[in-house]
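> my questions are about this predicted structure, shown below with the sequence.
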Amino acid sequence: MTDLTTHYLGLTLKNPIVAAASPLTKKIETAKKLDDAGVGAIVMYSLFEEQIIHESLELDHYLSRGANTFAEALSYLPEISSYNMGPGKYLDHLAAIKKSVSVPVIGSLNGVSKGGWTRYAHHMQEAGADAIELNLYYLPADPDLTANELENTYVELISDVRKSLSIPLSVKISPFTTALPNFAKRCAEAGANGMVLFNRFYQPDIDLENLEVVHSLSLSTSEELRLPLRWISILYGKVNIDLALTSGVHTATDVIKSMMVGAKAVMVASELLKNGYGRVPDMLATMTSWMEEHEYESVQQMQGSMSQQSVKEPAAYERNNYMQVLGTYRDLP
């Protein structure tokens, strides 16, 4: 019998299809449907650094208002720094989902700066999360900020979060890293158990009639799979970290390719948002059939079989056979 089991972040998943952080986890009912559909794990929607800081500042404002008139008023309450401020509803919801599903639940924390908000990784652990995904979603727009300074900030943040946890920690990064293998190594050394490649920056558009910036959500396509495929293949076996692929997973073929380059799990969101929960059993069935036809007994047997260290032409990953590809171009009729 074909074994779809995979091991990601020290967790045993019944299959590599993981429901990525998305609005689908904002309701217990939809989380249950994901579980019933057969996903291997569920990633919660993100709790943002800004949400935590906003609520902390808001409470600070109301506690401090009028303190000059009634100086003793604040003495009835502990210092604001002792409060574990933030969206308590998120933690309650995480705990409720954990109790409602049979698969591992991964909490998602989105932020980039050091500070008290990082304590919420520990709060997620206390709420029942099996692991934490730290989403490093930041667009560096300051010309005076160097790549090394930004990476140092990320590494310090990972180290801080790691110190507060006893459960596995993964980091979700963007592809805009100067020397990705070295950065991945530094993340692992700082305490990250896994790395999710890659985050998608949602690109704004311009409304030419109203002369406004338009924010819209464009779902991914399978064409976007190539970038994380390439980098996971290069990183596989070089860095002691579990690799997960996100962006562009829509079919069983996409899942199989991801496993072959070395991914331990794939994160799926756009396909589920567009075509529903039924895609999960369809993808698993097609994947199983392909593996049986090609005599693969398990997912683990496939993992890394088409990584850079296993193929005859590793340059296909390093330079993408750039000149050869250009040489195949033919003029259009």
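Okay, I see it.

> and residue 133, how close does it get to residue 236?
Going from residue 133 to residue 236 by Cβ to Cβ, to the nearest Å gives 20 Å. (Glycine included, C-beta is placed from N, CA and C.)

> likewise for residue 153?
27 Å.

> out of residue 133 and residue 236, which sits in the busier spot?
residue 133 (28 against 22; other Cβ atoms under 10 Å).

> tabulate the CA atom coordinates of the host helix or strand of the more buried one in PDB.
Assigned by DSSP states H and E, residue 133 belongs to strand 131-135. C-alpha atoms of strand 131-135 as PDB (Å, rounded to 0.1, in the frame of the first residue of the first chain):
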ATOM      1  CA  ALA A 131       4.300  24.200  16.000                       C
ATOM      2  CA  ILE A 132       4.700  27.900  15.100                       C
ATOM      3  CA  GLU A 133       5.200  29.500  11.700                       C
ATOM      4  CA  LEU A 134       6.900  32.800  11.900                       C
ATOM      5  CA  ASN A 135       6.100  34.800   8.800                       C
END
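
> packing partners of that strand?
Packing partners of strand 131-135 (3 or more Cβ pairs under 8 Å, 6 or more residues apart in numbering; DSSP states H and E): strand 105-110, helix 119-127, helix 147-163, strand 169-173.

> could you rerun that using 7 Å?
The elements that strand 131-135 packs onto, with contact taken as 3 or more Cβ pairs under 7 Å, 6 or more residues apart in numbering; DSSP states H and E, are strand 105-110, strand 169-173.

> and those strands: which comes nearest residue 279?
Judged by Cβ to Cβ, the one of the helices and strands packed on strand 131-135 that comes nearest to residue 279 is strand 105-110, at 20.2 Å.

> count of neighbours near the residue lying closest to residue 204 once chain neighbours are set aside?
Closest residue to residue 204 apart from its sequence neighbours, by Cβ to Cβ, 6 or more residues apart in numbering: residue 213 at 5.0 Å. Other residues lying near residue 213 total 9 when counted by other Cβ under 10 Å.

> any idea how far residue 213 lies from residue 113?
Separation of residue 213 from residue 113 (Cβ to Cβ) stands at 24 Å.

> could you dump the helices and strands packed on strand 131-135 to JSON lines with mean neighbour count, distance to residue 282 and mean pLDDT?
Formatted as JSON lines, the helices and strands packed on strand 131-135 follow (neighbours: other Cβ atoms under 10 Å; distance: least, Cβ to Cβ, whole Å; pLDDT from 0 to 100):
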{"stretch": "strand 105-110", "mean neighbour count": "26", "distance to residue 282": "23", "mean pLDDT": "96"}
{"stretch": "strand 169-173", "mean neighbour count": "25", "distance to residue 282": "26", "mean pLDDT": "97"}
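
> can I get those strands in JSON lines with distance to residue 297?
Output for the helices and strands packed on strand 131-135, formatted as JSON lines (distance: least, Cβ to Cβ, whole Å):
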{"stretch": "strand 105-110", "distance to residue 297": "28"}
{"stretch": "strand 169-173", "distance to residue 297": "27"}
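
> what's the closest of the ones you listed to residue 230?
Using Cβ to Cβ, the nearest of these to residue 230 is strand 169-173, at 14.6 Å.

> what strands flank the closest one, and is each parallel or antiparallel?
According to DSSP bridges, strand 169-173 forms sheet pairs with strand 131-135 (parallel), strand 194-197 (parallel).

> so how far is the next helix or strand after it from its chain's centroid?
Note on strand 169-173: by DSSP H and E, the next helix or strand toward the C-terminus is helix 180-190. Distance of helix 180-190 from the chain centroid (Cα atoms, centre = their mean, to the nearest Å) equals 16 Å.

> got the angle for helix 180-190 vs helix 147-163?
Put simply, helix 180-190 runs at 30 degrees to helix 147-163, going by axes from the mean of the first three to the mean of the last three Cα atoms, to 10 degrees.

> pull the residues that contact helix 180-190.
Contact with helix 180-190 is made by 151, 155, 158-159, 162, 171, 177, 195, 231, 234-235, 238-241, as judged by Cβ atoms under 7 Å, 6 or more residues apart in numbering.

> what do you get if the cut-off is 10 Å, keeping everything else the same?
For helix 180-190, contacts defined as Cβ atoms under 10 Å, 6 or more residues apart in numbering pick out 134, 136, 147, 150-152, 154-162, 169-171, 173, 177, 179, 192-195, 197-198, 231, 234-235, 238-243.

> do the same with stretch 147-159
111-115, 118, 134, 136, 138, 140, 142, 145-146, 169, 171, 173, 176-179, 182-183, 186-192.
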